[in-house]
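A.B. asks: Provided below are the primary sequence and the corresponding predicted coordinates.
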Amino acid sequence: MIGTILGHSYTGTMILGTCSPQPTSTPGFWSSILVPHSRKNFKSCCFYDFGKRFKILKHELHNCGCLKSLSSNFKIQALEAEATQLDDARRVGSRTNSEYDHFIWPSPSDEIPFWKREFPSCDISSEDTVDIPKDSDLMHIVHVTAEMAPIAKVGGLGDVVTGLARACLTRGHKVEVFLPFYECINRQHIKELAVVSTYNSYFDGSWVPTNVYRGLVSGIPVVFIEPSNHFFKGQSVYGGSYNELEAYLFFSRACLEWLQVSAIQPDIIHVHEWQTGGLPLLYWDMYQYLSLKKPRIVLTIHNMEHYGECRQEQLGKCGLDGSIYATEEKAVDDRTIGHNPERLSLLKGGIVYSNAVVTVSPTYLQETLCSGWLAGTLIRHRDKYVGILNGIDTAIWNPATDAFLPAKFDANNIEGKKICKLFVQRGLGLDPEGHPSACDTAPLVVCITRLVAQKGLHLITNAIRHIKQLGGQMIILGQAPDARVAREFEGLADLHNQGSSIRILLTYSEELSHMLYAAADIVLVPSIYEPCGLAQMIGMRYGAVPLVRKTGGLADTVFDMDDPLQPEKANGFVFEGIDEGSFNWALDRAFAYYREKPDEWSAIVKKVMQMDNSWNNTARKYIDVYNSVRVRNQ
């Protein structure tokens, strides 16, 4: 899922122009020289001896007589300059580990960007979990979701489903994830994929033949639902040429229909977000009267902004009488009361009909009870509403084992992080003068986010200007689904990407995100509201000090360095306003700590890396919720 990256030329060499996925055809001349395709691992692709590469390159160019045809040798000149820079880099490397003395640094002039190269495979399902205690009272848990990392990930929802499922598996429970079999899913990323059966599920007056597949993703058993109609076709998880709401209503019923025809009775059906908000209605008003008696329903709301607006006749297409739910006590969308027509909300219906409702942080729970159009519904169901802070999957996000990093590191050996920072700076052209020591004194701020209003777009654009003024560096990685926002950031990229301070990469790349977290000194999350947020926790895991706005889960995970009331919790920099002045104050303090208090900075880096934001603690709280509603001995 690599998109277009906006960029420009450096010293006559195009560095980050329109980047398409790596071609599958025969590699070009430069690619065959610069990338050793015969060696099938990341180290050999990126880090083979530079001097050897340079000599081979000059020899091959001389033999083919094409030196003059390559823009007056600008490639050779770029490599000669890179060789000089490598000497400087090795002096930096001498402070770290001789293991890195001979690897090759990336360059923005490389034909294949460094994050698109070949990486060694990593089976996180084999990570050692012997220290996690097994639960004594085990359950069968089924997650029904629109997303799952890494195969169908758009936002944090996919990460949460995978992390929670893996954590419960580790504790001994039987866990399955039910996922639409999107056309865009790469089947090669699924282990042991096989068709299980074909059955019929109802939609809009007809029974639709539906295939069921099973496979393993990150060690988690996954059930894939593939209807024979046009649902879930397209080149992305969302945005296909079908009605998404109707597709997810079909999916919700198809999951229940499969449980019924296969005589499976899980203890818990855990649904996520509005996409599966119709399932609790279908379960309690249809399938519970058929053969599904045992399951109880848990709903997690990841973001209250997405509500699943639904017309009554749309709900009727999955077999329910939509008019029955058009009441304030059930599923009518409170915002449309008195309108013609009034509409339903799948999210509200899910809240009313689920046995337990969870949101993704304690602070966000309080915020949603105090404001927002669903506050009244949540207050009426307060006795079953819980706030549980998300975790991160520490097998996927582990700088000591991360296959995407050029150097590994942990809290007790941080030197590899310096290599990662320099590696990213080199690859993106953030050190064009070739002075690594100068780059080391410039704090690197990384912001990895969807470019939407919720994420504080005006603060992100202000950060570009202010970080540049402070002499720091900033990398933004993200996509803008809104065309107007995309155009704004395209303009910012045109303005800033030619210099040595700012890179704006309007794309999605899982590989690059890992590298950026490892390279970052500061991870920036300036959200206007944030139900939980994972970026600040992932950043801390990789030794990036968080700078956040005090809201939602950010308030539950980041505590200010200068707060005298709780110095023992201090682990980052926090601001409360939504104005640029409040943000700048926090950024100024972070830069001052980095430059003027190196010992304190090193201490806080080690502290945040040692914090336990894993799913283990979070999973235990979910297990408590499951046990509070489950039916025993049925």
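C.D. replies: That came through, no problem. What you are looking at is a predicted structure, and each value in this text was computed from that prediction instead of being measured. Numbering: from 1, shown residues only.
A.B. asks: rest of the way, CA atoms for contacts and neighbours
C.D. replies: Noted.
A.B. asks: got the domain boundaries for this protein?
C.D. replies: 140-391+620-629, 414-612 (the TED database).
A.B. asks: can I get the ones you listed in TSV with mean neighbour count, mean pLDDT and distance to residue 108?
C.D. replies: Formatted as TSV, those follow (neighbours: other C-alpha atoms under 10 Å; pLDDT from 0 to 100; distance: least, C-alpha to C-alpha, whole Å):
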stretch	mean neighbour count	mean pLDDT	distance to residue 108
domain 140-391+620-629	19	96	27
domain 414-612	20	94	5
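A.B. asks: next, the distance between the ends of stretch 515-524.
C.D. replies: One end of stretch 515-524 to the other measures 15 Å (C-alpha to C-alpha, to the nearest Å).
A.B. asks: what's in contact with it?
C.D. replies: Identification of contacts with stretch 515-524 by C-alpha atoms under 8 Å, 6 or more residues apart in numbering yields 399, 404-405, 417-418, 420-424, 443-448, 535-536, 538-539, 542-548.
A.B. asks: between the domains of the chain, which one is closest to residue 109.
C.D. replies: With C-alpha to C-alpha as the criterion, residue 109 lies closest to domain 414-612 of the domains of the chain, at 8.4 Å.
A.B. asks: quick check: end-to-end length of that closest one?
C.D. replies: Counting by C-alpha to C-alpha, you get 18 Å between the two ends of domain 414-612.
A.B. asks: for that domain, what is the distance to the chain centroid?
C.D. replies: 16 Å (C-alpha atoms, centre = their mean, to the nearest Å).
A.B. asks: next: stretch 326-336.
C.D. replies: The answer for stretch 326-336 is 33 Å, by C-alpha atoms, centre = their mean.
A.B. asks: nearest to residue 112, out of the domains of the chain?
C.D. replies: Residue 112 lies closest to domain 414-612 among these, at 10.6 Å (C-alpha to C-alpha).
A.B. asks: which residue is the nearest non-sequential neighbour of residue 480?
C.D. replies: Spatially, and ignoring its direct neighbours in sequence, residue 480 is nearest to residue 451 (4.6 Å; C-alpha to C-alpha, 6 or more residues apart in numbering).
A.B. asks: name the SS class of the residue lying closest to residue 381 once chain neighbours are set aside, please.
C.D. replies: In space, and not counting its chain neighbours, residue 381 is closest to residue 352: 7.4 Å by C-alpha to C-alpha, 6+ apart. With DSSP: H, G, I helix; E, B strand; the rest coil as the basis, residue 352 sits in helix.
A.B. asks: surely residue 352 and residue 328 touch.
C.D. replies: No. With contacts counted by C-alpha atoms under 8 Å, residue 352 stays clear of residue 328, the gap being 10.4 Å.
A.B. asks: that older thread, was I right about the residue nearest to residue 480 contacting residue 458?
C.D. replies: No. Contact criterion C-alpha under 8 Å: residue 451 and residue 458 do not qualify, at 10.5 Å.
A.B. asks: the helices in the stretch 501-634 of the chain, which residues?
C.D. replies: Ranges of helices within the stretch 501-634 of the chain are 510-519, 535-541, 552-557, 580-596, 598-610, 615-629, based on DSSP state H, counting those that start in this stretch.
A.B. asks: show me what the second one packs onto, helices and strands only.
C.D. replies: So that's helix 535-541. helix 510-519, strand 522-525, strand 545-549, helix 552-557, helix 598-610 (3 or more C-alpha pairs under 8 Å, 6 or more residues apart in numbering; DSSP states H and E).
A.B. asks: same thing with the third one?
C.D. replies: In this structure, helix 552-557 makes packing contacts with helix 362-370, helix 535-541, judged by 3+ C-alpha pairs under 8 Å, 6+ apart.
A.B. asks: turn those into TSV, including distance to residue 378.
C.D. replies: What follows is those, written out as TSV (distance: least, C-alpha to C-alpha, whole Å):
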stretch	distance to residue 378
helix 362-370	6
helix 535-541	27
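A.B. asks: so for residue 220, which of these sits nearest?
C.D. replies: Nearest of those (C-alpha to C-alpha): helix 535-541, 21.3 Å.
A.B. asks: and that closest one, C-alpha only, in CSV?
C.D. replies: Presented in CSV, the C-alpha positions along helix 535-541 are these (Å, rounded to 0.1, in the frame of the first residue of the first chain):
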residue,chain,number,x,y,z
ALA,A,535,1.7,6.6,18.3
GLN,A,536,2.8,8.0,21.7
MET,A,537,3.1,4.5,23.1
ILE,A,538,4.9,3.1,20.1
GLY,A,539,7.2,6.1,20.1
MET,A,540,8.2,5.5,23.7
ARG,A,541,8.9,1.9,23.0
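A.B. asks: re the thing from before, CSV for the helices and strands packed on helix 535-541, including distance to residue 480?
C.D. replies: Output for the helices and strands packed on helix 535-541, formatted as CSV (distance: least, C-alpha to C-alpha, whole Å):
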stretch, distance to residue 480
helix 510-519, 16
strand 522-525, 16
strand 545-549, 21
helix 552-557, 22
helix 598-610, 30
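A.B. asks: the ones you listed: which one's closest to residue 271?
C.D. replies: Distance to residue 271, taken as C-alpha to C-alpha, is lowest for helix 552-557 among those, at 20.7 Å.
A.B. asks: picking up where we left off before, residue 196 is nearest to which of the helices and strands packed on helix 552-557?
C.D. replies: Nearest of the helices and strands packed on helix 552-557 to residue 196, taken as C-alpha to C-alpha: helix 535-541 at 36.5 Å.
A.B. asks: mind listing the helices for the stretch 101-250 of the chain?
C.D. replies: Remark: helices assigned in the stretch 101-250 of the chain by DSSP H, counting those that start in this stretch are 156-170, 244-261.
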